[in-house]
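S.K.: When you get a sec, could you give me coordinates for this:
(chains A, B, C and D)
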There are 2 protein chains.
Amino acid sequence: MAERKRQLVAAEITEAALQLCAVKGFDSTTVDEIVEAAGISRRTFFRYFSSKEDVAIQLLASLGADMRDELRARPAGEAPAVALRHAVGMAIDHCVDEPVKSLRVVQLILRTPVLHARMLERQAQWREWLTADLAGRLGRDPATDLFPEMAAGMALAAFEAAMRHWSVSDGAADPHELTDRAFAVIGPALDPRR
Amino acid sequence: MAERKRQLVAAEITEAALQLCAVKGFDSTTVDEIVEAAGISRRTFFRYFSSKEDVAIQLLASLGADMRDELRARPAGEAPAVALRHAVGMAIDHCVDEPVKSLRVVQLILRTPVLHARMLERQAQWREWLTADLAGRLGRDPATDLFPEMAAGMALAAFEAAMRHWSVSDGAADPHELTDRAFAVIGPALDPRR
DNA sequence: TCGAAAGTGGCACTCAGTGTCAAGGGAGGC
DNA sequence: GCCTCCCTTGACACTGAGTGCCACTTTCGA
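M.R.: Numbering: from 1, shown residues only, chains lettered A, B, ... in the order given. Predicted coordinates for the structure are as follows:
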């Protein structure tokens, strides 16, 4: 019940922030403007979000966790290319499910350098998760074997590329089709045999 | 002559900043401490560097330009895998030439999230440069063809992985050998034939 | 030698983020 | 019904990053 209210307030803040950023841009939007629009105090804002960037980045937080969980859930014997495609597909589904909201956030992030940087930093965490799972399922030591790390990096590069092209197409392109094409490029390198 | 002094002051600031960050960590080091150690005013600091992060990131600025220039200088008919390996090698050479200084900076960046984020943002710029050159030399349209973008992304992922493993090995590993192993993974995907 | 131009320092300001404390508001025990 | 405890909120003050402005110094060319 208290949790419900908390999520409600967070959604209120997020909506106010995105609205303002869409008009004035992220950098020119101050926290004071956001809290006034959301009807809360400045101090409360920072109890819900650790920073101004966090409001935008938080919306993508679950993507990484979903990718990690999906990869874990894939059959152990599945080829890395297939398992990774499904994992990334789980994140892509978020964009397909809520195209308007997702597109707005993705475009804001990609056109705001500081937000883009934060998102890339998040992806570094995702890469570590994927690397650990791949190393486990392939029985390789990620400290000495670069394959798991590179495979995770390539999958995330494909994800990034799909997001980027989806963003510049203003949502006209199909995210899954873009992802398929990106995976077609990296496919030949995702086969672990040597 | 004025340019000489400018570079001298910049080097002074950088040295003071790295020294302090090595002891106290980046976040706990204030600009006031840096300017006091460097013997300049706070205002002058921000005339040399646009932000505190910039002091560390600036040291890697030339890497991206070198990669881009080297890729441009490679023969037009050269295979992407070979050309990209040479381009990345140009950046790796910096680390090999000045191992102590480079290692110190790389380790600071990799262990400081905000610096890591800034560096990744820089790499996004490098990726655009490499993408444009690859698209040109392969005669492909990067707006519709994902290959140049993915190839650039994979090359930078290899660079990142090599830097990371070089950093955690405390400089014991050979950066070029790490890069070769990373490129061996992505090699099968860098062949543009379809 | 004089004057323009550039570099430097000092000051005041905005804004992000944090610690602290007091007030409000709901849930449970008397 | 009332009191108490606990959690949330708001207000205030503070630090630190980054910027605009102005005065001063240095330097270079006329």
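S.K.: Report pLDDT for A:P192.
M.R.: Listed pLDDT for A:P192 reads 77.
S.K.: thought it was touching A:M150?
M.R.: No - between A:P192 and A:M150 there is no contact, the gap being 10.5 Å when judged by CB atoms under 8 Å. Heads up, the C-betas are built off the backbone N, CA and C, glycines and all.
S.K.: Between the two, which has more neighbouring residues?
M.R.: More crowded of A:P192 and A:M150, by other CB atoms under 10 Å in any protein chain shown: A:M150, with 27 against 18.
S.K.: give me every residue that touches A:P188.
M.R.: Counting by CB atoms under 8 Å, 6 or more residues apart in numbering or on different chains, A:P188 makes contact with B:P188, B:A189, B:D191.
S.K.: go with 10 Å
M.R.: Shown in contact with A:P188 (CB atoms under 10 Å, 6 or more residues apart in numbering or on different chains): A:A81, B:I186, B:G187, B:P188, B:A189, B:L190, B:D191.
S.K.: what do you get for A:A17?
M.R.: Residues near A:A17 by CB under 10 Å, 6+ apart: A:26, A:29, A:31, A:33-35, A:37-38, A:45, A:49, A:52, A:54-56, A:108.
S.K.: 6 Å instead, please
M.R.: For A:A17, the contact set (CB atoms under 6 Å, 6 or more residues apart in numbering or on different chains) comprises A:I34, A:V55.
S.K.: do the helix or strand containing it and DNA strand D meet at all?
M.R.: According to DSSP states H and E, A:A17 maps onto helix A:2-24. Yes - applying CB under 7 Å from any atom of the strand, one finds helix A:2-24 in contact with DNA strand D at A:A2, A:K5, A:R6, A:V9.
S.K.: residues of the helix or strand following that helix that come out buried?
M.R.: Using DSSP H and E, the helix or strand that follows helix A:2-24 in sequence is helix A:31-38. Using 16 or more other CB atoms under 10 Å in any protein chain shown as the test for burial, helix A:31-38 gives A:I34, A:V35, A:A37, A:A38.
S.K.: Centre of the chain to helix A:31-38, how far?
M.R.: 25 Å (CA atoms, centre = their mean, to the nearest Å).
S.K.: what angle separates it from helix A:2-24?
M.R.: 120 degrees (axes from the mean of the first three to the mean of the last three CA atoms, to 10 degrees).
S.K.: Briefly note if helix A:31-38 comes near DNA strand D.
M.R.: No - Helix A:31-38 is not in contact with DNA strand D by CB under 7 Å from any atom of the strand; minimum separation 7.8 Å.
S.K.: Now do that helix: everything it contacts.
M.R.: Against helix A:31-38 from outside (CB under 6 Å, 6+ apart): A:E12, A:I13, A:A16, A:A17, A:L20, A:R42, A:F45, A:K52.
S.K.: Make a ChimeraX selection of whichever of those residues turn out to be buried.
M.R.: Listed next is the ChimeraX selection for buried residues among those, using 16+ other CB under 10 Å:
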select /A:13,16,17,20,45,52
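S.K.: I'd like to know which of the contacts of helix A:31-38 is nearest to DNA strand C.
M.R.: DNA strand C lies nearest to A:K52 out of the contacts of helix A:31-38, by CB to the nearest atom of the strand, at 3.6 Å.
S.K.: quick one, what contacts that closest one?
M.R.: By CB under 6 Å, 6+ apart, A:K52 lies in contact with A:V31.
S.K.: re earlier: pull out the buried residues from the helix holding A:A17.
M.R.: Neighbour-count burial for helix A:2-24, counted by 16+ other CB under 10 Å, picks out A:V9, A:I13, A:T14, A:A16, A:A17, A:L18, A:L20, A:C21.
S.K.: what do you get for stretch A:62-72?
M.R.: By 16+ other CB under 10 Å, the buried positions in stretch A:62-72 come out as A:L63, A:G64, A:D66, A:M67, A:R68, A:E70, A:L71.
S.K.: Redo these as JSON lines? Include distance to DNA strand C, pLDDT and secondary structure.
M.R.: Converted to JSON lines, those look like this (distance: CB to the nearest atom of the strand, whole Å; pLDDT from 0 to 100; DSSP: H, G, I helix; E, B strand; the rest coil):
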{"residue": "A:L63", "distance to DNA strand C": "21", "pLDDT": "95", "secondary structure": "helix"}
{"residue": "A:G64", "distance to DNA strand C": "20", "pLDDT": "95", "secondary structure": "helix"}
{"residue": "A:D66", "distance to DNA strand C": "26", "pLDDT": "96", "secondary structure": "helix"}
{"residue": "A:M67", "distance to DNA strand C": "26", "pLDDT": "97", "secondary structure": "helix"}
{"residue": "A:R68", "distance to DNA strand C": "26", "pLDDT": "97", "secondary structure": "helix"}
{"residue": "A:E70", "distance to DNA strand C": "31", "pLDDT": "97", "secondary structure": "helix"}
{"residue": "A:L71", "distance to DNA strand C": "31", "pLDDT": "98", "secondary structure": "helix"}
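S.K.: Quick check: of those residues, which lies closest to chain B?
M.R.: Checking those against chain B by CB to the nearest CB gives A:G64 as the nearest, at 14.9 Å.
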